[in-house]
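**Student:** Here is a sequence with its predicted model. Questions after.
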Amino acid sequence: MSITIGIDIGGTFTDVVSLDTEGNVAAFAKVASTPHDPGAAVVAGVDKILGMVGKDRSDLERVAHSSTVSLNAILERKGAKLGILCTEGFEDILVIGRQKRTDMYDLFLDPETPQFLCPRERMYGIPERLDSSGDVVVDLNEEAVVDAARRLVDCGVTSIAICFLFSYLAPDHERRARDLIGRQYPDVKISISSEVDPHMREYERLVMTAFDAYLKPVAETYLRNLADNLTSESSAVTLQIMQSRGGIVGWRQAAERPITTALSGPAAGVIGAGYCGRGAGATNLISVDIGGTSCDIALITGGKPLVTGEGKLDRYPLRQQMVDVSCIGAGGGSIAWVDQGGALKVGPQSAGASPGPACYGRGGTEPTITDASLVLGYLDAEEFGWGEVKAEPERAREALGRLGDKIGMDVPTLALGMHRIINAMMADAIKLASVDRGYDPRKFALMGLGGGGPVHAAALAASLGCRKAIIPPLPGVLCANGLLAAQIEHEQSRTFLRKTEHIDLQEMEREFTELTAVCRQRMAGDGVDPDAARVNRFAYIRYSNQSYDLEIALDGTEPVGATTVERIVGDFNIEHERLYGYSRSNQETTIVALGVVLSHPVSNPVFAYSGEARSVDEARKSSRMALFDLNEGYRSTDVYDRQKLPVAARIAGPAILEQRDTTTILFPGQHLVVDAVGNLIIEPSVG
Amino acid sequence: MLVAEKEVASIEIDPVTLEVIRNRLNVVADEMESILLRSSFSAIMKEALDGSTAIFDAGGNTIAQASAIPVHLGSLIPAVRKVIELFEGNMVEGDIFCLNDPYKGGTHLPDINVICPVFHDGVPIAYSASIAHKQDIGGRVPGSTPPDSTELFAEGLIIPPMKLFKAGERNEDLFEMIASNVRVPEGVVGDIEAQVACCLMGRRRILELVDEVGHDRLVLGFDHLQDHAERLTREALAKAPPGPFEFSDYLDDNGIDPHTPVKIAVKLSFEDGTVIADFTGTDPQARGALNCVPSTTLAAVYFAIRAVCVPQAPKCEGVHRAIRTIFPEGTIVNASFPAPVAARTITVRRIVSVMMGALAQAFPGRVPAACDGQSNYIYVGGSDPKVSRKYVSMLGVPTSGGMGGRPGKDGVDVISSDASNIVRYPVEAFEADTPFRVKYLRLWQDSGGPGRYRGGLGYHSEIELLRGDAVMTHRRDRHDFAPWGLDGGTAAPCCRTILHRGNGDSEDVPSKFVTGIAAGDRIEIFTTGGGGYGDPLQRPFDAVLADVRSGRVSAEKAASDYGVVIVDGAVAEDASRELRDRLSRQRPVADHRFDRGPEYAERLALPRYE
């Protein structure tokens, strides 16, 4: 019988979810991550879950995986030994970058460009030049290409990035250079900018291309080994990888374009949140994933995650489609402190896992949000982080006491204050992430994820005016679910750069057809009949003098017709008005790029839920004193075993709901119900 | 106002609410900035991000500012105060003001300020404001920043503080007036509209905050935030010895007459956590457009003190309360109406380098050697015969050179330092927008000042005009006075620009220069790096070898500046030690705190403009 598995690598644990033939969730498991050899945990996780459902490797049909190997190679600077070929005269574009610095007042900053990718002595200029129309000014000097490649290979380079000026208009020189090197040195990996990121602005395109080449050998080795390890003698398993934009692709294609999977993990989480949201009947969703040191925020509208084309990787610009995740330094480990001017601050410093919050008793002495939660009675000292840590409330109180003395606040007041500050910070960040993108958070449901999300979700939803807060059954393992719920997706875009009034409709249709053909080919490579895939066309458009464009979706696969451009411009004006508060319908517009996305659904996992308790009372395990409002003081609050709550159970706040990996706090005046698939649906309005 | 103060005195504010307010205000300023930059029209805004946003209290004190560009830090203060001064009692909800008159709250004419009062219960409780550099504001020269005007009136359209919107009603007359006076009306009007949009967003957010914490508590919170910032600043300044610490540096010229050095001098004295920056001794205002009005000079002073002493302090008025300034009237740091000011950005750079030189003495080990110290704003304007379109554009090369070497670290190559922080115009965008071609753009070998920690490198580039004629406004500095090395480090070389005419003639042009160019003319640009920090003879062999391998330092300079002999790609250690011995014996034993480069004495002796 065939088994499908989703497997996500986290910092501490690797999560595994399996589906049976009918698409029902068969099992869920956690194994320790193996950072030095991440594939080992994947294989261990697969074997563990196969054991749990009584199957073996030969039953494996599909494994969907969020690979961290690309991201880690970048963060740890462990990619390939790289060489770069540029247009002669422009060898220093990677060093020069865009010259702007991120922190204006830091006199001791490090370079803002990813110079670690390739030292200056391995960047070669090649005589060749196109003009801004894509016409050849200087023909490609093939000898120079071969000569540069030879020198690079001689010094041990295993991967080469090629980025020529204006190649997005005419890729011929880059392709010829690649073919020349490929013939001579078939083992050398090559990435060319006209394929990786065929768009204007030489620095950003080079960064993308260099990252891609830097990752190629690493990604390919990892994925090939993994595919080999998972494949048994009797069956071939389909190994699929999550891309940064939230779709999955076959591992071979991921290995060929490794930069597209650099943010695999965060994307899986957001897809998982979207999937859970659908289960709870919410298609407009703000997912808030709160861990020890940071809080990740993403928006899902109309069931689809918001995707951006202007993200960052590490601290470098990454111009590719990726799920739009905003991150702030606020989490359970965030430390409260008083600055030299006497102001109370929370974060961004975090106690992390080591020494951890003061209550861990591992040497941390500064008060963290987790310590405050303990003091407030929100968390149970006995059951902490999978029961592996026993918290010491006394240490938490001492840490808060020391800080409180400095600013004349007693411990409970400070603890509540710390929560209020961090909640406000997160609410501000959520507002920025939503309003800045033209969305009103009040029209969204807020989903609390990670170890900390459920602690803060109800308070955040109340302060933002969200319609409801949702806590999924397993808030810590959404990534693995997301992998199983994701579609196979192939995306390709290309610079077009035409004023809308001068568009040749046939040319536009031809471009779309070509882009579609590229995606169809990749779809077929993943074993999907391209005709069965859904095609979406996009235009990237702006007012002619602007520099940032907006994505406008076209109607299905309908060929470009007389009214197409008019519709695009109309939709653009509406979108511009929504985002920026104004539009100018008589202003000249330019379509900067065209894009195509082909998608094909794979499976739709079904999560069944049945709490074993027959009534709410039966799920109640204890009560303890907790503080929600200073005026009311500590009050006895019911504590429930969340996993036992029956479907349709209704609870009035205040209440504390515990499960193995997190705790949900319901504030006085709030209500929650348990829905049919086990989500907690919180009505946040207080009083 | 007295009544309001009395009212707020009776309520209290806790540290938690205060922190919530502080975070929110910063987010609002950032949100405004994001709207401003993303929805703007002109290249200078969209590619160079030359705009800033801020929130002010009812008294015109900054409470939060978004950090786009340091030269704007504090620049909005006089604008907001001028609006309050002129319109208090005569403004209503829905009014939005704008101005650019440097002598009535502005900085230089291309910077248009847009200011929106935030009314609550019929009185203004705050202002949301933005400042943004326009591609053109009319006047003699495309780009409106020629260095060689002799009075303000030649520099473009002067807008005194006026209502851009009256009670929510768009002042079409004023928009029309502006559009009729500039070379690229859509861009300028589009950018002003982006500024209005961002100010309205700020207003909305501030009113939400009023709803959340209450009017009186918010106003009280504003005061507390200022006090807090002042305390932080005083704490940091109290660590300096009293001084005084003096430093001076020079501009190449007055903007019109080449090689006529202009001195900028400062004396810093510290007392009780405050600092006095006294610019007495600075030269009289310049004949050309390099003059600063006080708001501009203040921005430079604030930047330097913040960067060295309190980088983390909130961007609000409280910081400034610990800083006192003396800007003698009629000097280049406090020019009198109607002195021209268009090209004052260069002067800002020099004021910062003068402040840094003085601060390096007050806070040893915390200040880098001088950066390139110029802003390479070369504007071109003309008509492209191929597409029959007019254009005004910056040249598509970096505006910045290298950063100075720092205690513990080399300087960064080609990066915006000190008061400048704009984004490089991509070559591909520049060539698509104009009839120019960039022939090459490379690091300039040996342009980083030698030091134990080397200065970052500048660049070398050449640009050709392919079609038609154009007017070029070349304005920068450091052609005559090199970026200084610090604590034993050596100065970086001077900048240089060579104009190659299509007919084969070539000339070295001075740092400020306006000329016509024709198809086939080429502009060759050398933009310098930063000065070195610490003794170059102490730089480890490995570091020098790496520099030679990467091409940042030539083998010749490795020997002559660093005393490192490289043979067959490796360091000849014995020969190098010997050479270092010899070089250190030959070196004059002098006060080596600042090295000004070999040309300094000769340049200093140049005649001043009378």
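**Tutor:** Looks like it arrived, so ask away. Numbering: from 1, shown residues only, chains lettered A, B, ... in the order given.
**Student:** How much space separates the residue nearest to A:His199 when sequence neighbours are not counted from A:Gln321?
**Tutor:** With C-beta to C-beta, 6 or more residues apart in numbering or on different chains as the measure, A:Thr495 is the residue that lies nearest to A:His199, at 5.1 Å, once sequence neighbours are left out. For the C-beta atoms, the positions are set from N, CA and C on the backbone; glycine is no exception. Here the criterion is C-beta to C-beta, to the nearest Å. By it, A:Thr495 lies 15 Å from A:Gln321.
**Student:** Please apply the same query to B:Gly551.
**Tutor:** The spacing between B:Gly551 and A:Gln321, counted by C-beta to C-beta, is 36 Å.
**Student:** Name the residue in those two with the higher neighbour count.
**Tutor:** For B:Gly551 versus A:Gln321, neighbours defined as other C-beta atoms under 10 Å in any protein chain shown are more numerous around A:Gln321 (22 against 17).
**Student:** Can you name the residues that contact the more buried one?
**Tutor:** The neighbours of A:Gln321, taking C-beta atoms under 8 Å, 6 or more residues apart in numbering or on different chains as the test, are A:Ser244, A:Arg245, A:Val307, A:Thr308, A:Gly309, A:Glu491, A:Ser493.
**Student:** Select from those every entry located in strands.
**Tutor:** Taking DSSP state E as the definition of strands, the contacts of A:Gln321 contribute A:Val307, A:Thr308, A:Glu491, A:Ser493.
**Student:** Adding pLDDT and distance to chain B, write those residues out as a markdown table.
**Tutor:** Rendered in a markdown table, the data for the ones in strands among the contacts of A:Gln321 read as follows (pLDDT from 0 to 100; distance: C-beta to the nearest C-beta, whole Å):
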| residue | pLDDT | distance to chain B |
| --- | --- | --- |
| A:Val307 | 90 | 17 |
| A:Thr308 | 88 | 12 |
| A:Glu491 | 92 | 23 |
| A:Ser493 | 91 | 17 |
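**Student:** would you list these in JSON lines and tack on neighbour count?
**Tutor:** Putting the ones in strands among the contacts of A:Gln321 into JSON lines (neighbours: other C-beta atoms under 10 Å in any protein chain shown) gives the following:
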{"residue": "A:Val307", "neighbour count": "19"}
{"residue": "A:Thr308", "neighbour count": "19"}
{"residue": "A:Glu491", "neighbour count": "23"}
{"residue": "A:Ser493", "neighbour count": "22"}
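**Student:** of all the residues in the stretch 51-200 of chain A, which ones are close to chain B?
**Tutor:** For the stretch 51-200 of chain A, the contact set with chain B under C-beta under 8 Å from any C-beta of the partner chain comprises A:88-93, A:95-101, A:103-112, A:119-121, A:131-132, A:137, A:165-166, A:200.
**Student:** Please check these and keep the buried ones.
**Tutor:** Buried positions within these, assessed by neighbour count (16 or more other C-beta atoms under 10 Å in any protein chain shown), are A:88-93, A:95-101, A:104-105, A:107, A:109, A:111-112, A:119-120, A:131-132, A:165-166, A:200.
**Student:** okay, now the domains of chain B?
**Tutor:** For chain B, the structural domains run B:5-233, B:368-535+B:589-610, going by automatic domain parsing.
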